[in-house]
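Undergrad: Here's a sequence, model it:
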Amino acid sequence: MQNAHTARVRRARALRRASAALLGAASISLAVAGCVDPSTGPDPDATLRPVTHNVGGVAATAVPRWAAIARGLVIKNRPSPPAAFRQFAYLSVAQYAAVVAAERDWGHPRPSVEGAVAGASAAVLAHLFPGDAQAVEDSVRAGEPDAPGDLRRFAAGEALGREVAAAVVARAAGDGFNLVFTGTIPTGSGLWFSSATPPAAPQLPRLGEMRPFFLSSGSQLRPPPPPAFGSPAFLAALAEIRDIAATRTAEQTRIAQFWALPAGTVLPAGYWNQTALEIIARKQLGERRAARVLALMHAAMIDAVITTHQAKYTYWYIRPTQADPTITLAIGLPNHPSYPSNHSSASSAAGAVLGAFFPSERERLDAMVEEASLSRMYGGLHYRFDVEAGHDIGSAAARIALRRGRGNGLLEVAR
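TA: Predicted structure coming up:
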């Protein structure tokens, strides 16, 4: 009886720590999940510490497995790219919270981390993809261990993961992602208009009002206005895209098409998820560190996208092909304003977070970020100042995420 009571108390404390921070602050820092070790307390002066091996000698398997399931759901359900950024963020934050809660729960049986990741992932994915809820539950059952003792630990972990994820799901349900646009689309020279046939409503014009994870608001990192339409700076930028389109090489076309990652693929969010997990596997990170890398990366990415959309619908800036119809496109044109670039902001955030965790990978990651950004110019979609502003946004969003993590003694660097 005493052991059972102690286990319940410990579990309740872990859940309170996870849920209170997840729902209480203006953003979810990863201290949310009660990630500061209670034996040491917060570590505001912590520096980036090299970590070369995983905890306990066992590389992560549960986090990568459920990330792959999420990517499959993205391919099947074809969400918009911003929706996918959001979906991966909530999944990874819930996974990290579940791992931390399971590691701190010394009940009998002690919850397994694998079960906690499965329970948290299933709860979040069933909320985000309700039409696939049964398939998600089937995936939980397929991952159950055979040995009775392991199965009991898995079940305890699953229950704990679902309880922790409830706070994440509640936050997602009220984050403002799908706010309805009731405003009026401005018209005039230099302003964006729908190029769809027939014209379509702009994509997610209120995404900039979504509650961010680490930022105070979508306007916190809003860039200054782009060059005035018709100004020398604008005309020079437009001429650059016109020249690219007129002389577009096969390699530039390939790059534009590769990074387009349209509906029916893993989308940019899924591609960066795969990239992170490939590095995580090579470095043999354990579940907790793998979950933390993904949580910081994906939260920074959606924060960057929130910011770009807030700016897009502040400035309503015209696309290059709308300013000059002679410019040809190599890929499809998204149905939202030009400035700044989502691809550039999200990729810059991902590359900066991963580069902080994996310094030896920085050169390759920086090259990927540059290629992702230039791909939008090669495709004819964006001006150079669009991608430069996006890069600044993404880099700043990553710095804020990493600083908040480090400020709580949470950031570890794997080399």
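Undergrad: need the longest helix for this structure.
TA: Longest helix of the chain, by residue count under DSSP state H: helix 287-315.
Undergrad: so how far is that one off the chain centroid?
TA: Taking C-alpha atoms, centre = their mean, to the nearest Å, one finds the center of helix 287-315 at 4 Å from the center of the full chain.
Undergrad: In contact with the residue nearest the centre of the chain, which residues?
TA: In the chain, the residue lying closest to the centroid (C-alpha atoms, centre = their mean) is residue 298, at 2.4 Å. Residue 298 sits next to 85, 88-89, 91-93, 269, 273 when contact means C-beta atoms under 8 Å, 6 or more residues apart in numbering. To be clear about C-beta, it is placed using only N, CA and C from the backbone, and glycine gets the same treatment.
Undergrad: ok, back up a step: average pLDDT for the longest helix of the chain?
TA: On average, the pLDDT along helix 287-315 is 97.
Undergrad: Stretch 209-226 too?
TA: Stretch 209-226 comes out at a mean pLDDT of 97.
Undergrad: now the end-to-end length of that stretch.
TA: End-to-end distance for stretch 209-226, by C-alpha to C-alpha, to the nearest Å: 21 Å.
Undergrad: All further residue positions should be reported with the first residue as 34.
TA: Will do, 34 is the new start, and the previous item becomes stretch 242-259.
Undergrad: ok, back up a step: in helices, which of the contacts of residue 331 fall?
TA: 118, 121-122, 124-126, 302, 306.
Undergrad: Pick the one among those residues closest to residue 394.
TA: Using C-beta to C-beta, residue 306 comes nearest to residue 394 of the ones in helices among the contacts of residue 331, at 15.3 Å.
Undergrad: Quick check: that closest one touching residue 105?
TA: No: Residue 306 is beyond contact range of residue 105, at 11.7 Å (criterion: C-beta atoms under 8 Å).
Undergrad: of the two, who's got more company?
TA: residue 306 (27 against 15; other C-beta atoms under 10 Å).
Undergrad: quick one, what contacts the more buried one?
TA: Residue 306 neighbours (C-beta under 8 Å, 6+ apart): 100, 103-104, 121, 299, 327, 331.
Undergrad: 7 Å instead?
TA: With C-beta atoms under 7 Å, 6 or more residues apart in numbering as the criterion, the residues that contact residue 306 are 100, 104, 121, 327.
Undergrad: now those as TSV including distance to residue 284 and neighbour count?
TA: Shown next, in TSV, are those (distance: C-beta to C-beta, whole Å; neighbours: other C-beta atoms under 10 Å):
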residue	distance to residue 284	neighbour count
100	31	27
104	27	21
121	29	28
327	31	28
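Undergrad: Please enumerate the strands of the stretch 334-448 of the chain.
TA: In the stretch 334-448 of the chain, the segments counted as strands under DSSP state E, counting those that start in this stretch are 445-447.
Undergrad: pLDDT weak spots in it?
TA: Within the stretch 334-448 of the chain, the stretches with pLDDT under 70 are 438-448.
Undergrad: Residues contacting stretch 374-382, please?
TA: 114, 118, 292, 301, 333-334, 337-338, 340-341, 402, 405-406, 408-409, 415, 419-420, 423-424, 426-428, 430-431.
Undergrad: just to revisit the earlier point, including distance to residue 136 and pLDDT, could the contacts of residue 331 go into CSV?
TA: CSV is the format used below for these (distance: C-beta to C-beta, whole Å; pLDDT from 0 to 100):
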residue, distance to residue 136, pLDDT
118, 28, 98
121, 23, 98
122, 22, 97
124, 19, 97
125, 17, 96
126, 16, 94
302, 27, 98
306, 23, 98
